[in-house]
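Participant: Structure for the following, please:
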Amino acid sequence: MDTASMVAQHTNAKLDALDGQFVRKLVTQCSELWMLQWLAINGLDFSDIYNRGNCFDVSQLIDWVTSDRVELLQFLTDRGLQLPVRSLIEYALGYSEPKVVEFLMYHDAENAHELSWNDVLLMACTETSTNLDVFACVVRMTEPSIVWTFAALCLASHAMVDAYAYDKFITLRNMPDAAAWIVKSTRGRTPIE
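Facilitator: Below you'll find the predicted structure:
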């Protein structure tokens with residue numbers, strides 16, 4: 001029996017005195033929503049633990065992002081915790097699903113508003129590991145602008161190292177009004193073509 005299960009059986013435990021290291025071990029062993037809910041019901045102050053930096057550090061949050069555990073991230077944000085969105089987005093682009101990127105951007109808009117969808121599009125173009133479905137989601141969230149020009153040029157410059165650069169470019173090119181923003185060469189072809 002793991003530590004998380006043993007602690008969960010003692011429902012009369014007063015958790016307000018637990019330190020972040022112990023909570024981190026519990027949550028690492030049992031990364032389930034019920035565990036977080038149980039901790040909250042039994043008096044754990046998540047914001048205090050989070051602010052002390054002993055639990056829910058970036059590495060743990062990255063694990064949740066890369067395993068698409070939006071419900072766990074949502075639980076923390078419902079308690080007023082501000083996630084390090086910029087750091088998490090970098091991992092979500094290549095190792096997660098569109099729903100995770102959308103959640104992080106929604107959370108960012110409610111709080112610090114560090115990133116725009118245009119920022120994320122440029123990040124997605126420079127990151128060769130960006131998933132195609134995530135890239136398509138990010139493109140759909142942007143509007144026709146000069147950013148599409150930069151995105152197309154960035155994809156073209158990464159075509160040699162990114163096996164999916166052309167597919168990403170096609171996604172961008174197929175957006176309504178994309179032709180007006182994607183730079184053409186003198187022969188009428190784009191750089192990546």
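Participant: Which parts of this structure belong to which domain?
Facilitator: 1-56, 57-115, 117-193 (automatic domain parsing).
Participant: Can you tell me which of those has the worst average pLDDT?
Facilitator: For the domains of the chain, the weakest mean pLDDT is recorded on domain 1-56, namely a mean of 74.
Participant: still on that earlier bit, want to throw the domains of the chain into CSV with mean neighbour count?
Facilitator: Every C-beta, even on glycine, is put in place using the N, C-alpha and C of the backbone. Listed next are the domains of the chain as CSV, based on neighbours: other CB atoms under 10 Å:
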stretch, mean neighbour count
domain 1-56, 15
domain 57-115, 17
domain 117-193, 17
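Participant: The protein: helices as residue ranges?
Facilitator: 3-9, 20-29, 33-41, 46-52, 58-66, 70-78, 85-95, 98-110, 117-126, 132-141, 146-157, 165-173 (DSSP state H).
Participant: closest to residue 179 out of those helices?
Facilitator: helix 165-173 (7.6 Å; CB to CB).
Participant: Could you list every helix and strand in contact with that closest one?
Facilitator: Applying 3 or more CB pairs under 8 Å, 6 or more residues apart in numbering; DSSP states H and E, we find helix 165-173 packed against helix 132-141, helix 146-157.
Participant: didn't residue 63 look like it was pressed against residue 24?
Facilitator: No: the pair residue 63 / residue 24 is not scored as a contact, 11.6 Å apart, by CB atoms under 8 Å.
Participant: quick one: stretch 38-52 to chain centroid distance?
Facilitator: Distance of stretch 38-52 from its chain centroid, counting by CA atoms, centre = their mean, to the nearest Å, is 23 Å.
Participant: ok, now stretch 145-152?
Facilitator: With CA atoms, centre = their mean as the basis, stretch 145-152 stands 22 Å off its chain's centre.
Participant: pull the CA atoms of stretch 94-103 into CSV?
Facilitator: Taking C-alpha atoms only, stretch 94-103 is exported to CSV below (Å, rounded to 0.1, in the frame of the first residue of the first chain):
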residue,chain,number,x,y,z
GLY,A,94,5.0,19.3,-28.4
TYR,A,95,3.8,16.9,-25.8
SER,A,96,0.1,17.6,-25.2
GLU,A,97,-3.3,18.0,-26.8
PRO,A,98,-5.1,21.1,-27.9
LYS,A,99,-7.4,21.1,-24.9
VAL,A,100,-4.3,21.6,-22.6
VAL,A,101,-3.0,24.6,-24.7
GLU,A,102,-6.5,26.1,-24.7
PHE,A,103,-6.9,25.7,-20.9
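Participant: Give me the residues contacting it.
Facilitator: 65-66, 68, 70, 73-74, 89, 92-93, 120, 127, 129-131, 133-134, 136-138, 141 (CB atoms under 8 Å, 6 or more residues apart in numbering).
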